[in-house]
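# Here's a sequence, model it:
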Amino acid sequence: MTDGILLNEIQDDPLLKAYDAIIIDEAHERSLNIDFILGCLRQLADLRKDLRIVITSATIDTESFSKAFDGAPIIEVSGRTYPVDTYYRPIEEMLEDAGDLTFIEAAAELVNEIINHNREGDILVFLPGERDINELRRKLEDSRARSCDILPLYGRMANADQQRIFHPQGRRRVILSTNIAETSLTVPGIRYVIDTGLARISRYSATSRTLRLPIEPIAQSSADQRKGRCGRVSNGVCYRLYSEQDFLGRPRYTTPEIHRSNLASVILRMLAFRLGDIRSFPFIDPPSDTAIRGGYRLLEELDAVYSDSRSENEDAYRLTKLGRRLAQLPVDPTVARMLLQAKQENALEDVLVIASGLSIQDPRERPAELAKEADEMQKRFVHKESDFLTLLNIWNAYHDEMDRLSQAKLRKFCKQHFVSYQRMREWREVHHQLERILKNLKLLSSGRDDRRAVRDTSQATRSNEPDHKGKQVSNNQQPTTNNHLTDAGYAAIHRSILTGLLSNIAVKEEEHNYRGPRNRKALLFPGSGLFDHDTAKKQRKASYAKTSKPKPAKTTAPAWIVCGEWMETSRLFARTAAKVQVQWIEDVAGDLLKLKHSEPFWSTKSAAALCKQRKVLFGLEIGRSNVSLSRIDPDQSTEIFVRNGLIEQGIRERPDFLKNNDEVSQRAESELARRRLGSGFAVEDRLYDFYRQRLSAVGSYAELRSFAKSEHSGRLDFLHASIDDLLPEEEQDDTTEAFPKSLAIGGSELPLRYRHEPGGDSDGVTLHVPLTQIGAIQQGTLDWAVPGHLEEKIESLLRGLPKQIRIQLHPLKERAAELRTQLKPSERSLREQLADQLKAQYGIQTFKDNWSKTEIPSYLQPRIQIENTKGDILADGRDLDALRESLKTTAKEVSSGNGLDAIPAWQAATAHYERENLSSWNFGDLPTEIDLSGDS
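So this is what the prediction gives:
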């Protein structure tokens, strides 16, 4: 039985009671399944002492296996082989004669050397990959070796071509093979082996989730396997294109697959079988912690497992309901996830075909000598937006022909279209197995035709095309394609694929170049139907052109893709790709999306606090938008709403509480300016505190309405502020007497306006004086205009006195307070009053010159603003005498009639009455006088 069947037996019968003995053959291959089975058998050995376990291999690490099975006996059986001579022919030594040399050229030389010496027997050359085989084949066909049958052998070859290896035609053969001929196939008649010592080894990176296929030196056990290929029928000779020292320095055995594979499938199966934690499972060679973490991480993304917080083990995981269903499907968990989603999308039949196709080797063949013919014949299968649908097209075409052709003609159809008949049969078998399981799980109805996928009835245009041997293919042999799938059908299929391959999405950076998760850079695989070779050719020509800025080629590749796998060879490729919509990615990602928020701001249009939101998946930005800040940061959203929406009037609608608070804020600002205790900023801070004490988790006007409805019966009057709310508590007493709002002069109350703008022209208090009242103002009246400033004025004047006088008055602050209580309002200036009071109270004689150099800070000196009746400013300043002199000059000029045109007040007053070229009295009576104050 196969290893897969045995694993299913273990699931149904953990103790394998139906068996007395288990023989594991070819154990050296160390596949995932074999290592997993060996671990199960190690556990079973203690539970069933009667069970016989036999492990066989040609190149096994017998000591390690014996130790793993508690010192099991080792039995060595000599094989029926002939002696093999080994010769080391390192390339370094051959360089002396040939100059620069590659292993391809070295192998070619050695083949010709064997042929030149007329040695009998077929030659088997081991090479890393298909490209190396084709290159060596071309070299040999241009040399003496062309007299031989030069036969390639690799995994992707057509079955008929592989069969040529096993049916010699009489001529000497040179077989160029990958490591497929090490163990998988036994090639008859080989006498000579040329071993390059290299192989392309599959390595999965759990960190980057990339399947790498690097060319690496093989292990000693693999070299011995290759050597053994030439001792089957006679004495053999093995040439190694590396030194003996190099051979002895290589690892003894090939790295087990479990150390270079994705462990998600193994972990899922272990959890389903209840075999315990993979970290403690008795593997012969346990996998690394990095690989284990990578497997769990992938299963978490598939929603197959969850971390069990109740367990004492912090790394313990449990299967989800979805994970238990995934474990029932014998395919990779990513493929199983597609199938379960496809059921929800009503696309299960199509996705079942694709999923089973992804589980086998690509059925398409592309022989090197017929590459162009193969590409041409397979064009009809290609879907320009999805390689997954290309697989569906191949399936549908095959089954169209299978319905009406005999097996012989069906084989012919496959050959004409470069499709492997054997792999199509394998595909059908996998499809049949999965279909049966899905029916048992009630996911698929049991009455459907199990051979084909339901597809769109549109068919590609059919025409006569020659096959690759020049024969005409009849019209009715052209395959149906699925290029006309409806948009809804396309979306359903690819949303299903995305659920399993979400970490394989990528966004285009430039034509055919994509950026995948975690900043992975990849090229769209040139064999993809999405790859535009015409565009790529134009780009190459542009890069070779002499112009420094070639015109970019028109872009055709989709913005977003999902790929079946990341494969690294010469570089990283995105293979089996399809165009997807970014919205599908967002829909499928769910909780895997990371929301990143930044740049909070106020939107007047939305009347709300918003922020920038980026949706990020595996480091890729899926989308961005502006969202409400309230659900991200309620406290910050309230802060922005209060600052920008309420205080800075960022709401277009002006409810009553905002109008009230604007008025109260202006009054509070005036009050603080009178006492020089702060500016409008201080009032804003108090108003901010007022709102914050009453609002929480309110980031928009709509949320304010909802808040008021739930907390205040829909009323907003709880936000009406009073003057006391916006002033410091200690400043809430009435200060009208110390800082009056007006000044009585000549029977009129002239307004006083306060500003706290240090260094500004309007700093301090401004007295608004009509032009007609300027003569009634006295200096004493100005000095006493603001009683609250008087004590500070007195102290400033005392500090300006000569030193010999000033020292008699120390401490000056206290003297200023005493003098303030002794002085009474007067029309005399403050300096005159102080001179009299100093002499009377302290016996200190001062003179006018002593006071001439004293200065009062400008903000303590009232600023006089002369205005006309319209409020226009005619003159302003803080020196009363200078203002009067300026106005006196203007008055003289007006009374003498000289210079009237230069006086703005005169120009403004007479403009209404001026006319030119009058010939009759066509206007009313002229006034006998004009008021230059502006009341004309």
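# any idea how far Y913 is from F381?
97 Å (C-beta to C-beta, to the nearest Å). Using the backbone N, CA and C atoms, a C-beta is placed for each residue, glycine as well.
# for A45, that is, sorry about that
Counting by C-beta to C-beta, the gap from A45 to F381 is 51 Å.
# between those two, which one's more packed in?
F381 (26 against 16; other C-beta atoms under 10 Å).
# What sits closest to the more buried one if chain neighbours are left out?
N393 (4.4 Å; C-beta to C-beta, 6 or more residues apart in numbering).
# surely the one you found meets D387?
No: the pair N393 / D387 is not scored as a contact, 10.2 Å apart, by C-beta atoms under 8 Å.
# The host helix or strand of the residue nearest to F381 packs against which elements?
Per DSSP states H and E, N393 falls inside helix 387-402. With contacts taken as 3 or more C-beta pairs under 8 Å, 6 or more residues apart in numbering; DSSP states H and E, helix 387-402 sits against helix 348-358, helix 407-416, helix 487-500, strand 572-579.
# contact partners of the third one?
With contacts defined as C-beta atoms under 8 Å, 6 or more residues apart in numbering, helix 487-500 is touched by 302, 333-342, 345-347, 350-351, 354, 385-386, 388-389, 456, 485, 505, 562, 578-581, 584-585, 587-588.
# Next SSE downstream of it?
Note on helix 487-500: by DSSP H and E, the next helix or strand toward the C-terminus is strand 505-510.
# Beyond that next one, next helix or strand please.
Counting by DSSP H and E, the element after strand 505-510 in chain order, helix or strand, is strand 513-516.
# where does that next one sit relative to the chain's centre, distance-wise?
12 Å (C-alpha atoms, centre = their mean, to the nearest Å).
# average model confidence for it?
Averaging pLDDT along strand 513-516 gives 93.
# again with stretch 298-305
Stretch 298-305 comes out at a mean pLDDT of 93.
# first to last residue in that stretch, what's the distance?
End-to-end distance of stretch 298-305 (C-alpha to C-alpha, to the nearest Å): 9 Å.
# So the protein: which segments form each domain?
Split into domains by automatic domain parsing, the chain comes to 3-61+258-326, 84-252, 345-460+475-489, 501-542+554-591, 593-720, 742-881.
# looking at those, which is closest to T928?
domain 742-881 (18.2 Å; C-beta to C-beta).
# mind showing which ranges of the stretch 1-150 of the chain have poor pLDDT?
Confidence mapping of the stretch 1-150 of the chain against pLDDT under 70 gives the ranges 79-80, 93-100.
# Excluding chain neighbours, what is closest to E9?
Spatial nearest neighbour of E9, chain neighbours left out: L16 (6.6 Å); criterion: C-beta to C-beta, 6+ apart.
# for A589, same thing?
L617 (5.2 Å).
# count of residues packed around P73?
6.
# For it, give me its contacts.
P73 touches S66, counting by C-beta under 8 Å, 6+ apart.
# Okay, now the unreliable bits of the stretch 701-850 of the chain?
When residues are selected by pLDDT under 70, those of the stretch 701-850 of the chain lie in 729-736.
# What segments of it are helices?
Applying DSSP state H, counting those that start in this stretch to the stretch 701-850 of the chain gives helices spanning 701-711, 723-726, 779-783, 787-799, 803-806, 812-822, 830-842, 848-852.
# Mind putting those helices into JSON lines with mean neighbour count and distance to E216?
Listed next are the helices of the stretch 701-850 of the chain as JSON lines, based on neighbours: other C-beta atoms under 10 Å; distance: least, C-beta to C-beta, whole Å:
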{"stretch": "helix 701-711", "mean neighbour count": "16", "distance to E216": "63"}
{"stretch": "helix 723-726", "mean neighbour count": "16", "distance to E216": "78"}
{"stretch": "helix 779-783", "mean neighbour count": "21", "distance to E216": "98"}
{"stretch": "helix 787-799", "mean neighbour count": "19", "distance to E216": "90"}
{"stretch": "helix 803-806", "mean neighbour count": "11", "distance to E216": "97"}
{"stretch": "helix 812-822", "mean neighbour count": "15", "distance to E216": "91"}
{"stretch": "helix 830-842", "mean neighbour count": "17", "distance to E216": "100"}
{"stretch": "helix 848-852", "mean neighbour count": "12", "distance to E216": "101"}
